[in-house]
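# Quick one, structure for this:
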Amino acid sequence: MKVDLVKPFDSQRRTWLIATTVASGIAGAATVVPFVDSFAPPESAKARGAPVHVDLTALVPGSMMTVAWRGKPVFVVNRTPNMLAAVVRANPMVADPNTEHPFSMPLPAYCRNEYRSRPEHPNVLVVVGVCTHLGCTPIPRFQPGAQPSLPDDWPGGFLCPCHGSTYDLAGRVFKDKPAPQNLDVPRFMFASSTSVVIGKDEHGEA
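Numbering: from 1, shown residues only. All right, here's what the predicted structure looks like:
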């Protein structure tokens, strides 16, 4: 018959093992923490915010989606031909048709056109959804014509519910409104015909 022998408990040996293990653990931690920290992004990178990849597959003509970038809402609109025509009609109605006075970021050079969009995809509008008056989030009012809180000749666009500022379908503010500037257009690029990257373009990250 096999008998398992149990060694007597040695308190001095146990104390020595614990002390050795703790000391080794502290030394190991001191070595590992700086190594792990080297992988953490710097605070400046966190503040900038990483680019956001957006799938446009479900964005049908005439619809809008909202994504978050740098803690702000960004509107991505798939404009129809009629909506693009409304942008042209709104030119004499907006305060800064060519965005000569941007809000918090310069208008990308590739968006310096009548639709404020990429020439290869003029239908896709990308704007930061923050009213340039006091920072509220405008709401889409794409249907043209008379409706509550909007003029009878409304061409379609965005309405800020806080103080009534209005923007056209290119994110340009209409004349005589509390908001002083157009909605920002962030740097962006198309990764494919059905996906866009916000916060990055051919020149690097914003």
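
# bridging residues for the closest residue to Arg172 other than its chain neighbours?
In space, and not counting its chain neighbours, Arg172 is closest to Val94: 4.1 Å by CB to CB, 6 or more residues apart in numbering. Any C-beta I mention is one placed from the backbone N, CA and C, and that applies to glycine too. On the basis of DSSP bridges, Val94 is bridged to Phe174.

# and Val94, what does it touch?
Applying CB atoms under 8 Å, 6 or more residues apart in numbering, we find Val94 in contact with Asp168, Arg172, Val173, Phe174, Lys175, Asn182.

# And it, how far from Glu100?
Relative to Glu100, Val94 is positioned 12 Å away (CB to CB, to the nearest Å).

# which SSE is Met83 in?
helix 81-89 (DSSP states H and E).

# buried set for that helix?
Met83, Leu84, Ala86, Val87 (16 or more other CB atoms under 10 Å).

# same question, stretch 55-72
Of all the residues in stretch 55-72, those buried under the rule 16+ other CB under 10 Å are Leu56, Leu59, Val67, Trp69, Lys72.

# Filter the contacts of Val94 down to the buried ones, ChimeraX style.
To isolate the buried members of those in ChimeraX, using 16+ other CB under 10 Å:
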select :168,172,173,174,182
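
# Nearest the geometric middle of the chain, what residue?
Residue closest to the average C-alpha location in the chain (CA atoms, centre = their mean): Trp69, at 2.0 Å.

# In contact with that one, which residues?
Contacts of Trp69 by CB under 8 Å, 6+ apart are Gly49, Pro51, Val52, Val128, Pro186, Ile198, Gly199.

# Which pLDDT value does the model give it?
According to the prediction, Trp69 has pLDDT 97.

# would CSV of the buried residues of stretch 55-72 with distance to Ser193 be doable?
Converted to CSV, those look like this (distance: CB to CB, whole Å):
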residue, distance to Ser193
Leu56, 8
Leu59, 12
Val67, 18
Trp69, 21
Lys72, 26
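
# sorry, back to before: looking at the contacts of Val94, point me to the pair that's furthest apart.
Taking CB to CB as the measure, these span a maximum distance of 12.0 Å, between Lys175 and Asn182.

# what stretches of this protein score poorly on pLDDT?
Applying pLDDT under 70 to the chain flags residues 1-48.

# Please name the nearest non-neighbouring residue to Asn123.
Spatial nearest neighbour of Asn123, excluding adjacent residues (CB to CB, 6+ apart): Arg79 at 4.8 Å.

# And for Ala86?
Pro155 (4.3 Å).

# what's the answer for Asp152, then?
Ala146 (4.2 Å).
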